[in-house]
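Q: Need the 3D shape of this:
(2 chains)
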Protein chains: 2
Amino acid sequence: MKDQFYTHIESLQDSITTAIEELDGVAKFEEDIWKRDEGGGGKTRIIENGAVFEKGGVNISAVHGELPEVLRKQFKVDEGNFFACGLSLVLHPKNPFVPTVHANWRYFEMYNSQGEIVTQWFGGGQDLTPYYLVNEDAIHFHTVCKNVCDSYSPDFYTTFKKNCDDYFWNTHRKEARGIGGLFFDYLKETNELTMQDRFDFVTAAGNSFLESYVPIVEKRKDLTYDNSHKNWQEIRRGRYVEFNLVHDRGTLFGLKTKGRIESILMSLPPIVQWKYNYHPDINSEEEKLIKVLTNPIDWV
Amino acid sequence: MKDQFYTHIESLQDSITTAIEELDGVAKFEEDIWKRDEGGGGKTRIIENGAVFEKGGVNISAVHGELPEVLRKQFKVDEGNFFACGLSLVLHPKNPFVPTVHANWRYFEMYNSQGEIVTQWFGGGQDLTPYYLVNEDAIHFHTVCKNVCDSYSPDFYTTFKKNCDDYFWNTHRKEARGIGGLFFDYLKETNELTMQDRFDFVTAAGNSFLESYVPIVEKRKDLTYDNSHKNWQEIRRGRYVEFNLVHDRGTLFGLKTKGRIESILMSLPPIVQWKYNYHPDINSEEEKLIKVLTNPIDWV
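A: This next block holds a predicted model:
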């Protein structure tokens, strides 16, 4: 399973970076290959200062070795080894009318002292963070998410959509990071579902990414904007940073387990503003976004 | 003691904001008075878009009520009430040759169910975060810190300087946030020192703030700088954000105990950049700073 999934994320990284470069038309991804002292490594691909994308990363990694202390505590085991691999991406567009997107699909195995698999699961999801809310775009993104879910189980979309709204809740701001999408974790074998079924779903989710995002970028990337739109985007990016550094389990896990810092923090936006106590004008487009973020709605 | 210390921070807030406004010459502090649902409140004073200060806050608060859950866990008590008051300040200058400064002086009391004081202490400190390192400025800041310490105990400076280097260590970056200063916490009554002695020291530390910082600002605020200096300042401000949101106990405590978010996050800089894997040129002024941050030195 681990080889099968790694082969999938390798080829997914290629197809996504190729499509994003075509969409950008100017910037190319730069690749950094890195090794982890304790076992494994990754391929980080970063795009910066593009025509469409101001900053972004599409990274894969496969790491293994002794369970780090935080995981031993979390899983209540004294010792053990693990293998984890996944693809993580974040794309921060230049144009404030194009949403930021984040996605991650990952696979985890834990072993006992005989090297046998004790437990294994998939996790991940994809979510959209607009600066200006276009209902049509939110509906498109969620429709692609729902379609991929519905091919596998009638419950998936409802469950994973709600997980996503819950997970990306910026507690201290009492608002969502974005308009959600899918979030799932600990997808294990059940009476109804084999690990191969789980694999099929998670790879289908990954393969649907370009369809969910690229049409939105194509429609919005050439819209005219001014400084006021850019300021708003940069202020909202501040909330993205707050979520990632204060609440995001993946980021904090990486920082605490000696992950490769630059690969983890590629998620942070290129230029960010914090203004004291900033509130958009009543009935503005900016306020319309806030209303939906403070009270997530069903898009499909 | 609580009234005595609150009177001190009220008057210190006035003297600091008056001096900073004079130094800026253009911007004025705006005041927000806020109340805490569970008891107490504060006076937040924010300066933005000044000639010298791009953003800053000099806030006081006095809060009381039932011990929040995080504190009950930390102090291993089932119930109890508390009182806490303090002054917190952060100033982010416009000119990259002027360092950012942070300071905080606070007092805490915890009560049993009869309303008697179970324990009480002072905490706080002041520290400097330069973007370009001028040895003379670092020596001046630390000399003022040392002088105020030496008037009270020959051990204070050595201990509180080391505490500061340890506390403001940005673990995941393996570097200090800045060049330090003083950091102290749980300053309680001892055989040698009464609470009045503690009060005298902490108020003297607060009263030394303007002497430690204003002369540095006066010397550097009119230096010429270009975009490359400003970019470096904005990238380094990213590390400031990372420290405050990932590691700073005060910030995380505030976010988790329903503090007033805008007063807590006034510490975040106005404009911040994150570039992927950015490293300054060998032997540049920027690299000189990094060398000292990764290996803190004794300034006096």
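Q: Enumerate every residue touching A:Lys2.
A: The contact partners of A:Lys2, by Cβ atoms under 8 Å, 6 or more residues apart in numbering or on different chains, come to A:Ala62, A:Phe83, A:Cys85, A:Tyr107, A:Glu109. In this view, the C-beta of every residue, glycine as well, is placed from N, C-alpha and C.
Q: now do A:Asn170
A: Taking Cβ under 8 Å, 6+ apart, we find A:Asn170 in contact with A:Ala176, A:Arg177, A:Arg239, A:Glu242, A:Phe243, A:Val246, A:His247.
Q: do A:Val134 as well
A: Counting by Cβ under 8 Å, 6+ apart, A:Val134 touches A:Phe97, A:Arg220.
Q: Got the phi and psi for it?
A: Per-residue torsions, A:Val134: phi -110, psi 110 (degrees, to the nearest 10).
Q: Do you know the pLDDT at it?
A: Reported pLDDT at A:Val134 in the predicted model: 97.
Q: Helices along chain A, start to end?
A: Along chain A, counting by DSSP state H, helices occupy A:2-24, A:69-75, A:135-150, A:156-167, A:195-207, A:209-220, A:227-242, A:249-256, A:261-264, A:285-294.
Q: Let me know the closest of the contacts of A:Asn170 to B:Lys76.
A: B:Lys76 lies nearest to A:Val246 out of those, by Cβ to Cβ, at 25.5 Å.
Q: what about that closest one, how many residues close to it?
A: Residues near A:Val246, counting by other Cβ atoms under 10 Å in any protein chain shown, number 20.
Q: gap between A:Tyr278 and chain B?
A: According to Cβ to the nearest Cβ, to the nearest Å, A:Tyr278 and chain B sit 9 Å apart.
Q: Please name the residues that touch that residue.
A: When contacts are counted by Cβ under 8 Å, 6+ apart, A:Tyr278 touches A:Ile235.
Q: and what of A:Gln233?
A: Counting by Cβ under 8 Å, 6+ apart, A:Gln233 has contacts A:Pro96, A:Tyr131.
Q: again, but for A:Leu133
A: The contact partners of A:Leu133, taken as Cβ under 8 Å, 6+ apart, are A:Ile179, A:Glu285, A:Lys288, A:Leu289, A:Val292.
Q: Among those, name the buried ones.
A: For the contacts of A:Leu133, a neighbour count by 16 or more other Cβ atoms under 10 Å in any protein chain shown gives the buried set as A:Ile179, A:Leu289, A:Val292.
Q: Format these as a markdown table; extra columns: distance to chain B and pLDDT.
A: Shown next, in a markdown table, are those (distance: Cβ to the nearest Cβ, whole Å; pLDDT from 0 to 100):
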| residue | distance to chain B | pLDDT |
| --- | --- | --- |
| A:Ile179 | 22 | 98 |
| A:Leu289 | 18 | 98 |
| A:Val292 | 20 | 97 |
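Q: Name the member of the contacts of A:Lys2 with the most neighbours.
A: Counting neighbours by other Cβ under 10 Å, the top entry in these is A:Tyr107, with 26 neighbours.
Q: What's the separation between that one and A:Leu210?
A: Distance, A:Tyr107 to A:Leu210, by Cβ to Cβ, to the nearest Å: 21 Å.
Q: repeat for A:Tyr131
A: 21 Å.
Q: The two: which is more packed in?
A: Using other Cβ under 10 Å as the criterion, A:Tyr131 and A:Leu210 rank with A:Tyr131 on top: 24 against 18.
Q: Distance of the more buried one relative to A:Val246?
A: From A:Tyr131 over to A:Val246 (counting by Cβ to Cβ), the distance is 20 Å.
Q: what's the answer for A:Leu71, then?
A: Distance, A:Leu71 to A:Val246, by Cβ to Cβ: 21 Å.
Q: can you pull out the strands in the stretch 51-200 of chain A?
A: Per DSSP state E, counting those that start in this stretch, the stretch 51-200 of chain A carries strands over the ranges A:53-66, A:81-93, A:100-111, A:117-129, A:169-170, A:175-176, A:180-187.
Q: thinking again about what came up before, could you pick out which of the contacts of A:Asn170 are near chain B?
A: Filtering the contacts of A:Asn170 for neighbours of chain B using Cβ under 8 Å from any Cβ of the partner chain leaves A:Glu242, A:Val246.
Q: Please tabulate the contacts of A:Asn170 in JSON lines, including the columns distance to B:Asn191 and pLDDT.
A: Shown next, in JSON lines, are the contacts of A:Asn170 (distance: Cβ to Cβ, whole Å; pLDDT from 0 to 100):
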{"residue": "A:Ala176", "distance to B:Asn191": "54", "pLDDT": "98"}
{"residue": "A:Arg177", "distance to B:Asn191": "52", "pLDDT": "97"}
{"residue": "A:Arg239", "distance to B:Asn191": "50", "pLDDT": "98"}
{"residue": "A:Glu242", "distance to B:Asn191": "45", "pLDDT": "97"}
{"residue": "A:Phe243", "distance to B:Asn191": "48", "pLDDT": "97"}
{"residue": "A:Val246", "distance to B:Asn191": "41", "pLDDT": "95"}
{"residue": "A:His247", "distance to B:Asn191": "44", "pLDDT": "94"}
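Q: ok, A:Lys43 to A:Lys146 distance?
A: 31 Å.
Q: Can you name the residues of the stretch 201-300 of chain A sitting close to chain B?
A: Within the stretch 201-300 of chain A, the positions near chain B by Cβ under 8 Å from any Cβ are A:234, A:238, A:241-242, A:245-246, A:252, A:255-256, A:261-262, A:265-266, A:268-277.
Q: From those residues, list the buried ones, please.
A: A:234, A:238, A:241-242, A:245-246, A:252, A:255, A:262, A:265-266, A:268-276.
Q: Name the residues linked to the closest residue to A:Gly86 other than its chain neighbours by a beta bridge.
A: Nearest in space to A:Gly86, with sequence neighbours left out and distances taken as Cβ to Cβ, 6 or more residues apart in numbering or on different chains, is A:Arg106 at 2.9 Å. A:Arg106 has these beta-bridge partners by DSSP bridges: A:Gly86, A:Gly123.
Q: Isn't A:Arg106 up against A:Val63?
A: No. Using Cβ atoms under 8 Å, A:Arg106 is not in contact with A:Val63; the gap is 10.7 Å.
Q: Distance check, A:Thr224 against B:Ile216.
A: 44 Å.
Q: now do A:Leu12
A: According to Cβ to Cβ, A:Leu12 and B:Ile216 sit 52 Å apart.
Q: Against A:Val58, how distant is the residue most central in space within chain A?
A: Centroid-nearest residue in chain A, with Cα atoms, centre = their mean: A:Ala103, separated by 2.6 Å. To A:Val58, A:Ala103 is 9 Å away according to Cβ to Cβ.
Q: A:Glu21 now?
A: From A:Glu21 over to A:Val58 the distance is 10 Å, taken as Cβ to Cβ.
Q: higher neighbour count, these two?
A: More neighbours surround A:Val58 than the other of A:Glu21 and A:Val58, with 25 against 18 (other Cβ under 10 Å).
Q: A:Tyr132 versus that one, what's the distance?
A: Remark: distance between A:Val58 and A:Tyr132 (Cβ to Cβ) = 24 Å.
Q: Check A:Asn95 too.
A: From A:Asn95 over to A:Tyr132 the distance is 10 Å, taken as Cβ to Cβ.
Q: A:Lys35: how many residues sit nearby?
A: Neighbourhood size, A:Lys35 [other Cβ under 10 Å]: 11.
Q: Nearest to chain B: which residue in the stretch 101-250 of chain A?
A: A:Leu245 (3.8 Å; Cβ to the nearest Cβ).
Q: which residues do A:Ala103 and A:Val58 both contact?
A: Joint contacts of A:Ala103 and A:Val58 (Cβ under 8 Å, 6+ apart) are A:Leu87, A:Ser88, A:Leu89.
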